[in-house]
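>>> Curious how this folds, go ahead:
(one chain, ligands or ions: 1)
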Amino acid sequence: MKETNGNLLSSQLLAQLTEARHVLVLTGAGMSAESGIPTFRDAQSGIWGKFRPEDLATPEAFEANPSRVWEWYQERRSKVLTVRPHAGHRALAAIASLVPELTIVTQNVDGLHQLAGSDNVAELHGNIMRSKCSISHRPISAEWLSDSSHSPPRSPYVSKGLARPDVVWFGEVLPQNVLQAAMDSALRCDFCISVGTTSLVQPAASLPLMALEHGASLLEINPRETPLSPHAGQCLRGTAAEVLPALLAQLRASKKDLDQRPRL
Ligand code: OAD
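The predicted structure is shown next:
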């Protein structure tokens, strides 16, 4: 593994990215950090340093105290409504227009990739702005929620059901169609980029390794070392908002260079 403090991709990986047919990008909380959304496990600012996941992000926590869990998510929703995608989100959307196929698989629930213009996004852990019934798991509309004065609002479908955020909690299974699409991409891609994730939470953490086992090149973008780092062809030790625009610039130049090369 080659570790680089600057933003520059090695010539070998740049050549592989330039020729890639399908790029898979796995993103985690570090991708949204520079938009102002705290990560989960960073020492000073991480959400799980201030709150216990078992009090707020499990079905048992919701059953024990639905109002506390709902209110906590309402605060996080308010925060998400105030933030904007950064240069790294926009660079990923631009990279998608330079390669034949690019899939973003994100563990983030904030919708910032889509807001930046990316359209092929698999949300592995759901989306915090959506709500669903705690029993039937059917989607609940924003209109229904705004007409209710309860915290959380009751479900429109099941008498004992309540509205809950449409995110994956600890102990729950991921949406199977989304996970299947993510695994298909991991098996098919020829270049995989892991950005801003500790690579600790499964099954997301396995996707880059799956891609690697099936012949893809692997690039990690993260200021810190992770369990994935030893497997990566290169680790760029910078932030998403610094490194991704630099990667876009390198890829643009490399594609231009390839186009201008004389052909037989
Ligand atoms: P973590 O909070 O565990 O990790 C954030 C990672 O981002 C760390 O490796 C940081 O070094 C890195 N990082 C921080 N700032 C960065 C920046 N500006 N640019 C790039 N990288 C940066 O977040 P995840 O790995 O995404 O699950 O966590 C995975 C899952 O655990 C989350 O989706 C959530 C959580 O519990 C659920 O809620 C189900």
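>>> all contacts plus neighbour counts: C-alpha atoms, from now on.
Fine.
>>> from memory residue 30 sits against residue 39, does it?
Yes. Residue 30 lies in contact with residue 39 (CA atoms under 8 Å); the separation is 6.0 Å.
>>> how much space between residue 34 and residue 171?
29 Å (CA to CA, to the nearest Å).
>>> More neighbours: these two, which one.
residue 34 (20 against 11; other CA atoms under 10 Å).
>>> any idea of the pLDDT on the more buried one?
At residue 34, the model reports a pLDDT of 98.
>>> I'd assumed residue 238 was in contact with it.
No. Counting by CA under 8 Å, residue 34 does not reach residue 238; the two are 11.9 Å apart.
>>> Now for residue 257, how many residues are close by?
Residues near residue 257, counting by other CA under 10 Å: 10.
>>> Now do the same contact list for residue 141.
By CA atoms under 8 Å, 6 or more residues apart in numbering, the residues touching residue 141 are 130-131.
>>> where do the helices sit along the protein?
Taking DSSP state H to define them, one finds helices in the chain at 11-19, 29-33, 47-50, 53-56, 59-64, 66-82, 87-96, 112-115, 142-146, 176-188, 206-213, 240-260.
>>> what touches both of residue 30 and residue 39?
Joint contacts of residue 30 and residue 39 (CA under 8 Å, 6+ apart) do not exist.
>>> The residue lying closest to residue 208 once chain neighbours are set aside: what's it in contact with?
Setting aside the residues directly before and after it, residue 208 is nearest to residue 192 in space (CA to CA, 6 or more residues apart in numbering), at 6.4 Å. If you count contacts by CA under 8 Å, 6+ apart, residue 192 has them with 23-26, 186, 208, 211-212, 216-219.
>>> can you tell me how far the residue lying closest to residue 241 once chain neighbours are set aside sits from residue 27?
Closest residue in space to residue 241, ignoring its immediate chain neighbours: residue 88 at 4.2 Å, by CA to CA, 6+ apart. Distance of residue 88 to residue 27, computed by CA to CA: 11 Å.
>>> ok, now residue 71?
26 Å.
>>> between these two, who's got more neighbours?
The residue with more neighbours, out of residue 71 and residue 27, is residue 27; 24 against 13, by other CA under 10 Å.
>>> for the stretch 151-264 of the chain, which spans come out with low pLDDT?
Nowhere does the stretch 151-264 of the chain drop to pLDDT under 70.
>>> What parts of it come near the ligand?
Neighbours of the ligand within the stretch 151-264 of the chain, by CA under 6 Å from any ligand atom: 168-170, 195-199, 201, 222-224, 239-240.
>>> what's near enough to touch residue 91?
244-245, 248.
>>> could these go into TSV alongside distance to residue 106 and neighbour count?
Shown next, in TSV, are the contacts of residue 91 (distance: CA to CA, whole Å; neighbours: other CA atoms under 10 Å):
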residue	distance to residue 106	neighbour count
244	16	23
245	19	20
248	19	20
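>>> For the ligand, state which of these is nearest.
The ligand lies nearest to residue 244 out of these, by CA to the nearest ligand atom, at 9.5 Å.
>>> Could you pull up the residues touching the closest one?
Contacts of residue 244 by CA under 8 Å, 6+ apart are 87-88, 91-92.
>>> next one: residue 214
Contacts of residue 214 were listed using CA under 8 Å, 6+ apart, and they are 187-188.
>>> Wait, residue 58 touches residue 167, no?
No. The criterion here is CA under 8 Å, and residue 58 misses it with residue 167 at 10.3 Å.
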